[in-house]
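> This is a predicted model, with the sequence first.
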Amino acid sequence: MPVPAPETDHPRCRWARTDPLLRQYHDEEWGVPVRDSRLLWETLVLESFQAGLSWLIVLRRREGFRRAFTGFDPEKVARFTDEDVERLMQDEGIIRARAKIVATIGNARAYLAMRDNGEDFADFMSKLVPDAPIHNPSGTVLSQSPLSVKISKELKSRGFRFVGPVIVYAWMQAVGLVHDHDPGCFRYTPEP
């Protein structure tokens, strides 16, 4: 009996059908609840770099980002200097967007300021989205929501940048705060 082609072995969300890397990300990571503060921050950084680009571009460079941003260690990234920004602008392994690089350094500082003020990033998110995952009505496709607008404002009030409502919503999907798998997707689960 023939083995099904990878793109047809499971019904998937429409966006995850075109590339093996997208399929793997969809099948293993996208929408899986994340409760680790540092990993939540890393994912938010990657989502900010995706703004205006294809997510596939970010996935293909994710290891380059991890290397360039010292494993997404906020303590180390927060100490980056103007020289580090210039070094990163020459790094072909990442998306070389100065404003996004500078924002990432600032966001590491904002993340640490929250921590130093006794506000754990994962706990902060849990308070804002206590009933995660949120299920949207079947077949509804959103690019942002009232909650992503609220979270965006909260993050900006704490010094974060490149965290607009659309980026925040994509991040919420990625880290399992919102369940947005297509109803025909093998990873879709109906609302409890």
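Thanks, I have the structure now.
> For the lowest-mean-pLDDT helix or strand in the chain, which strands pair with it and how are they oriented?
Here the helix or strand of the chain ranked lowest by mean pLDDT, DSSP states H and E is strand 134-135, holding a mean of 88. According to DSSP bridges, strand 134-135 forms sheet pairs with strand 178-179 (parallel).
> Where does the prediction get shaky in this protein?
1-8, 138-139 (pLDDT under 70).
> tell me, which helix in it spans the most residues?
Ranked by residue count and defined by DSSP state H, the top helix of the chain is helix 98-116.
> Could I get the CA-only coordinates of that one as PDB?
Coordinates of each C-alpha in helix 98-116 appear next as PDB, following Å, rounded to 0.1, in the frame of the first residue of the first chain:
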ATOM      1  CA  ARG A  98      17.300  47.800  12.200                       C
ATOM      2  CA  ALA A  99      14.000  48.900  13.900                       C
ATOM      3  CA  LYS A 100      13.100  45.300  14.700                       C
ATOM      4  CA  ILE A 101      16.600  44.500  16.000                       C
ATOM      5  CA  VAL A 102      16.600  47.700  18.200                       C
ATOM      6  CA  ALA A 103      13.100  46.800  19.400                       C
ATOM      7  CA  THR A 104      14.200  43.300  20.400                       C
ATOM      8  CA  ILE A 105      17.000  44.700  22.600                       C
ATOM      9  CA  GLY A 106      14.500  47.100  24.100                       C
ATOM     10  CA  ASN A 107      12.000  44.300  24.600                       C
ATOM     11  CA  ALA A 108      14.600  42.300  26.500                       C
ATOM     12  CA  ARG A 109      15.000  45.200  28.800                       C
ATOM     13  CA  ALA A 110      11.200  45.600  29.200                       C
ATOM     14  CA  TYR A 111      10.900  41.800  29.900                       C
ATOM     15  CA  LEU A 112      13.600  42.100  32.600                       C
ATOM     16  CA  ALA A 113      12.000  45.200  34.100                       C
ATOM     17  CA  MET A 114       8.800  43.300  34.500                       C
ATOM     18  CA  ARG A 115      10.700  40.500  36.200                       C
ATOM     19  CA  ASP A 116      12.600  42.900  38.400                       C
END
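> next helix or strand past it?
With elements assigned by DSSP states H and E, the helix or strand that comes after helix 98-116 is helix 121-128.
> buried sites along that following helix?
For helix 121-128, a neighbour-count test (16 or more other C-beta atoms under 10 Å) marks Phe121, Ala122, Phe124, Met125 as buried. For every residue, glycine as well, the C-beta is placed using N, CA and C.
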